[in-house]
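sequence and predicted structure, then a few things I'm wondering about:
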Amino acid sequence: MAVQSGAEAFRAHFNRVAMKCVDFVIVNHNTMAPLLVVELDDKSHERANRQERDKFVGQALASGGLPILHWPIEPV
């Protein structure tokens, strides 16, 4: 899915993804092409708002053909 830069509501779509981040991106060392996103899931990922965010990020990455791995972690 792509949003054309001149499209109505482009800024709204852009702002929705602009400040998202992930924990790690595994890339091909020769081309730097992204292969996999790794998200470390602590207790905060149990909250409803965080689950919404995770779902949105997962869908956005999937639309670009990039898989995401959610890895549960425990505090040390």
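Nice, I can see it. Keep in mind that what you see is a predicted model, and the values were worked out from it rather than measured.

please make it C-alpha for all contacts and neighbour counts, starting now.
Will do.

where are the low-confidence patches of the protein?
1-5, 7 (pLDDT under 70).

quick one, helices of it?
For the chain, the helices defined by DSSP state H cover 10-18, 48-63.

right, so the ones you listed: which one is the most enclosed?
Among those, the stretch with the highest mean neighbour count (mean count of other Cα atoms under 10 Å) is helix 48-63, at a mean of 14.

which other helices and strands contact it?
With contacts taken as 3 or more Cα pairs under 8 Å, 6 or more residues apart in numbering; DSSP states H and E, helix 48-63 sits against strand 68-72.

give me the buried positions along the strand it packs on.
Buried residues in strand 68-72, counted by 16 or more other Cα atoms under 10 Å: residue 68.

for it, packing partners?
Going by 3+ Cα pairs under 8 Å, 6+ apart, strand 68-72 lies up against strand 34-41, helix 48-63.
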